[in-house]
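*Asks:* with the input below, show me the fold.
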Amino acid sequence: MGILTKLFPGEMGLGHPSGMKLWLQSGTGQIAFDEIDAGEWTPILNSLSDGLILIDTSANTKVFNRAALKLLGRKPLNQCALFHSDKITQFDPEKMPLKRALAGEEVDYIEAFLRTPAYPEGIFIEIGAAPIRDQWGHIYGAVALLRDISKRKIAEEELRHSKFRFETFSHMVNDYVWEWDLLSDISWRQGRRNAYGYCEEEIRSADKWWREKIHPEDRERIFSLHEELINGIRPSWRAEYRWRKNDGSYVYVIGQAHVTRRDEHNRPIYIMGASLDITDRRVTEERLAQLALIVESTEDAVFSIDLNRTILSWNQGAEKLFGYTAEEAIGRDAGFLGDPDAAVEEAASKLMPKILNGESIQRFEMWRKKKNGERMLLSYTVSPTKNEKGEVAGVCVVARDITDLRKAEDEVRRLASNLARSNEELKQFAYVASHDISEPLRTMSNFASLLKMDYLNRLDSSGQESVNFIIDASNRMKHLIDSLLNYSQVEQTSLNLQRVDCALLIERLKIDLKSSLENSKAELIVGDLPTVNADEVQLNQLFQNFISNALKFFRNAPPRVTISGKRDGEEWIFSVKDEGIGIDPNHHGRIFQTFQRLNSNGEFPGGGLGLATCKKIVDRHGGRIWVESFPGHGTTFYFSIPALLGIDQRE
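*Replies:* Numbers count the residues shown, from 1 in each chain. Reported below is the predicted structural model:
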């Protein structure tokens, strides 16, 4: 008979309360029962899988088929515990389906929850009811159909839970999960929907939208895989590609797609897939690849060993340094690289506890042997390597040949010793120059002066000129010896750094140079000067040399010297400006060298060490010195002093 889907009440003839005309629609068509007794068609109704109940206007049951009996027992429907689908709210007695049908209402199928002695835990049913009318339209009964939908409800509930679990899982994992209905070209996306910056409203045609987001360089490869999936050539695909985010940037993803439903011709109609952002992993892999390239290309030997001293890796630098190929070294005990020096091996063994404690060893020196037997001194950097549990599993070793470096260091020490000895000899020379040479020079100068005083009138012009030559030469020699002594003493004493008020220092210097300033009628202009960290004695000598230089190199107008200072970043810049004869720019590089004179002694006296001494003083203070000058336009000397304290103490 099949499942009853609809029952159409017919007409009851007048005076035939037990007869009716019904149309029964089932899965196999329609069957008409024309004014027959209920007992005659009861076997037919009992074959239905749906429950059938007919009642009269007094709610007396007239028909109660076997399916209804199984669902309700013998209890009338109106007296059963009938609840709404929430299993809690009981039906209002006045709104029971048959009650409503007797009132003339056709009740379309509604879901209800039923508890009966046969089903104490309850079952879900579907109920439909309709009034039965006579030929004049008067209601003389009602019919109800009941269908057990428990299995369907269980399946629906399971499906709902399954979908909920799927959506929850999709939101929990990092994967971007999607579903694609090929028939409607509609897609649903879960998971990291915001990770790529798109919202559902932005997704147009699923196929077109997806294709547009793949990097142009990856499209042909991924499209080919996807076409094979859609055409049934492959059941799934998995590949890495680049995906464009909503902000225009690309991320690396690993994507996959699977056919989950096919039509009757085995053609895919539903696809599910996922993509995982692996950008961080790719960046890490690229960095590791770069690191591996660096390790392979470095001149240093880089290799790793485990805690059993077995060599695990061996780069090209190690091959070149030790002479063993990777095939010869990997898998061997690292001891074969050692030098038979018990003291060295003992020192190396003492480092192992530190390494096991996670410490790195920097620049540990050991003698080793090459494959050809040549000994070499190596500088080692040893760092522990750890396993996935964070435990020390071995070490990474970086070795560099410092044999030549050690020889060079020994040579530097030898030269430094020679230099120290030469400096000591220079000090001795300065002492000799200041005492042993100066003494006979003074004697010669004094006697020449006495000769000039006592015998001036007895000497002819040639004799007088000779005496003057002796006196002038003695004075120049004395000045040269004093300059040389000052130059040598700049580095003989350590810097006594202290806060020096430069303005006060210049005021004191004016007093020392009073005679020279008055004789030359010079004008000394002092600008705003700071307090700096410097050696006061050497700073005094520095300014004195610059001022003396300005008072010396002028021609007609009286000298005019301007001194100023200003802060420039991390240093103080000082300038000493004059309006003298100036210096040719071609000679700017020479003037700070020793014994470099640009003018003759007859025109401008000097020993050629004043500016060289200035440079040495500035160098000792960690500063710079330079000059700006043109012939006939004066000269400006600049020098800097680091602002060690960085404090401007000018009032």
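*Asks:* need the pLDDT of residue 200.
*Replies:* At residue 200, the model reports a pLDDT of 62.
*Asks:* let's number from 7 now, not from 1
*Replies:* In the new count, where the first residue is 7, that last one comes out as residue 206.
*Asks:* need the strands for the stretch 307-456 of the chain, in chain order.
*Replies:* All strands of the stretch 307-456 of the chain, identified by DSSP state E, counting those that start in this stretch, fall at 307-312, 317-320, 367-375, 381-392, 398-407.
*Asks:* for the stretch 107-256 of the chain, same thing?
*Replies:* Taking DSSP E, counting those that start in this stretch, the strands of the stretch 107-256 of the chain run over residues 113-121, 129-139, 145-154, 182-187, 192-197, 242-250, 256-268.
*Asks:* before we move on, back to that, worst average pLDDT in the strands of the stretch 307-456 of the chain?
*Replies:* When the mean pLDDT of each of those is compared, strand 367-375 ends up at the bottom with a mean of 83.
*Asks:* returning to that earlier point: next, format the strands of the stretch 107-256 of the chain as TSV and append mean neighbour count and mean pLDDT.
*Replies:* The C-beta positions use only the backbone N, C-alpha and C, and glycine is treated the same way. Formatted as TSV, the entries for the strands of the stretch 107-256 of the chain read as follows, by neighbours: other Cβ atoms under 10 Å; pLDDT from 0 to 100:
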stretch	mean neighbour count	mean pLDDT
strand 113-121	17	87
strand 129-139	21	90
strand 145-154	22	89
strand 182-187	19	76
strand 192-197	17	56
strand 242-250	17	91
strand 256-268	17	88
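*Asks:* which one of the ones you listed lies nearest to residue 338?
*Replies:* Taking Cβ to Cβ as the measure, those were each checked against residue 338, and strand 242-250 came out nearest at 37.7 Å.
*Asks:* ok, residues contacting that closest one?
*Replies:* 202, 218-221, 223-224, 227-228, 231-232, 234-235, 256-265, 281, 284 (Cβ atoms under 8 Å, 6 or more residues apart in numbering).
*Asks:* that strand vs strand 182-187, what angle?
*Replies:* Compare the direction of strand 242-250 with that of strand 182-187 by axes from the mean of the first three to the mean of the last three Cα atoms, to 10 degrees and you get 120 degrees.
*Asks:* how far off strand 256-268 does strand 242-250 point, in degrees?
*Replies:* Strand 242-250 and strand 256-268 are oriented at 150 degrees to each other (the same axes, to 10 degrees).
*Asks:* with just CA atoms, put strand 242-250 into CSV.
*Replies:* Listed in CSV are the C-alpha atoms of strand 242-250, where the atom choice follows Å, rounded to 0.1, in the frame of the first residue of the first chain:
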residue,chain,number,x,y,z
SER,A,242,41.3,15.5,-4.4
TRP,A,243,44.3,17.8,-4.6
ARG,A,244,46.8,19.4,-2.2
ALA,A,245,49.3,22.1,-3.0
GLU,A,246,51.1,25.3,-1.8
TYR,A,247,50.3,28.6,-3.4
ARG,A,248,50.0,32.3,-2.7
TRP,A,249,46.7,33.9,-1.7
ARG,A,250,45.8,37.6,-2.0
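*Asks:* how about the secondary structure of residue 548?
*Replies:* On the three-state scheme (DSSP: H, G, I helix; E, B strand; the rest coil), residue 548 is labelled helix.
*Asks:* what's the per-residue pLDDT of the nearest residue to it once chain neighbours are set aside here?
*Replies:* Of all residues not flanking residue 548 in the chain, residue 623 sits nearest, at 4.9 Å (Cβ to Cβ, 6 or more residues apart in numbering). Per-residue confidence for residue 623 comes out at a pLDDT of 87.
*Asks:* which ones are touching residue 623?
*Replies:* Applying Cβ under 8 Å, 6+ apart, one finds that residue 623 lies in contact with 496, 541, 544, 545, 547, 548.
*Asks:* OK, contacts around the second one?
*Replies:* Residue 541 makes contacts with 501, 502, 503, 504, 623, 626, 627, as judged by Cβ under 8 Å, 6+ apart.
*Asks:* quick check on these: which are buried?
*Replies:* 501, 623, 627 (16 or more other Cβ atoms under 10 Å).
*Asks:* is the second one in a helix, a strand, or coil?
*Replies:* For residue 623, the reduced secondary structure class is helix; criterion used: three-state DSSP.
*Asks:* for the buried ones among the contacts of residue 541, which one is nearest residue 56?
*Replies:* The shortest distance between residue 56 and any of the buried ones among the contacts of residue 541, using Cβ to Cβ, involves residue 627 and amounts to 109.5 Å.
*Asks:* show me where the stretch 207-356 of the chain dips below the pLDDT cut-off.
*Replies:* Scanning the stretch 207-356 of the chain for pLDDT under 70 picks out the ranges 207-213, 301, 303, 344-354.
*Asks:* can you give me the helices in it?
*Replies:* Using DSSP state H, counting those that start in this stretch, the helices found in the stretch 207-356 of the chain span residues 212-219, 222-236, 285-303, 322-328, 332-335, 348-355.
*Asks:* out of these, deepest packed?
*Replies:* Comparing the helices of the stretch 207-356 of the chain on average neighbours per residue, with mean count of other Cβ atoms under 10 Å, the densest one is helix 322-328 at a mean of 20.
*Asks:* CA atoms of it as CSV?
*Replies:* What follows is the C-alpha trace of helix 322-328 in CSV, where atoms were taken according to Å, rounded to 0.1, in the frame of the first residue of the first chain:
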residue,chain,number,x,y,z
GLN,A,322,82.6,23.4,2.8
GLY,A,323,84.6,25.6,5.1
ALA,A,324,85.4,22.6,7.2
GLU,A,325,86.5,20.6,4.1
LYS,A,326,88.9,23.4,3.1
LEU,A,327,90.2,23.9,6.7
PHE,A,328,90.8,20.3,7.7
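*Asks:* and that helix, what other elements does it pack with?
*Replies:* Secondary structure elements in contact with helix 322-328, counted by 3 or more Cβ pairs under 8 Å, 6 or more residues apart in numbering; DSSP states H and E, are helix 285-303, strand 307-312, helix 332-335, strand 398-407.
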